[in-house]
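> pasting the sequence and the predicted model now:
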Amino acid sequence: MSERCATYKGKTYSASLRIDGSVLLRSTNEIDIRNGFQPNNNKDSQYTCFKIVPRNDISELYEIVDKIEYIGYVGDILEEQGDKILIEIDNLLDDEAQTLKMDYATDKGIYVKWVNKSDVKISTEKTEL
């Protein structure tokens with residue numbers, strides 16, 4: 001799983017890059033409305049407010065990606081449900097996938113499997129955008 005974040009005026013926000021190069025900042029803190037954020041009227045959203053700012057107003061823009069290691073193979077987390085996670089491992093040969101007892105292939109060499117969180121080592125990678 002991954003999340004894009006931006007640092008704006010010393011605070012970190014959930015963020016999205018927009019097609020015009022600006023950055024959409026999202027906040028769960030209503031206090032940010034007093035700091036120029038717009039209220040979010042989408043009741044299904046977890047975010048209370050948002051603000052669109054020019055890219056050069058952002059001091060840092062990055063993506064945080066959780067990676068897993070499962071029996072010596074590195075992969076990604078696709079979904080979480082309680083103490084189980086759906087992992088994806090790519091570049092597997094068919095016999096490797098069978099040895100790992102992967103659930104199914106999503107594409108050639110890409111396999112997924114539901115595992116207990118305790119069966120994997122999770123690490124976080126931060127990539128500048």
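Ah, there it is.

> pairing partners for the longest strand seen in the chain, with directions?
Secondary structure of the chain per DSSP state E: the longest strand is strand 60-70. The strands that strand 60-70 pairs with in its sheet are strand 2-8 (antiparallel), strand 73-81 (antiparallel), strand 121-128 (antiparallel) (by DSSP bridges).

> residues contacting that strand, please?
Strand 60-70 is contacted by residues 1-7, 15, 17, 23, 55, 74-77, 85, 87, 89, 100, 113, 115, 119-129 when judged by Cβ atoms under 8 Å, 6 or more residues apart in numbering. The C-beta positions use only the backbone N, C-alpha and C, and glycine is treated the same way.

> just to revisit the earlier point, what about the strands paired with strand 60-70, which gets the closest to residue 94?
Nearest of the strands paired with strand 60-70 to residue 94, taken as Cβ to Cβ: strand 73-81 at 14.3 Å.

> quick check: angle from the helix or strand just after the closest one to strand 60-70?
Counting by DSSP states H and E, the next helix or strand C-terminal to strand 73-81 is strand 84-89. Orientation check (axes from the mean of the first three to the mean of the last three Cα atoms, to 10 degrees): strand 84-89 against strand 60-70 gives 90 degrees.

> show me what strand 84-89 is packed against.
Counting contacts by 3 or more Cβ pairs under 8 Å, 6 or more residues apart in numbering; DSSP states H and E, strand 84-89 is packed against strand 60-70, strand 73-81, strand 110-116.
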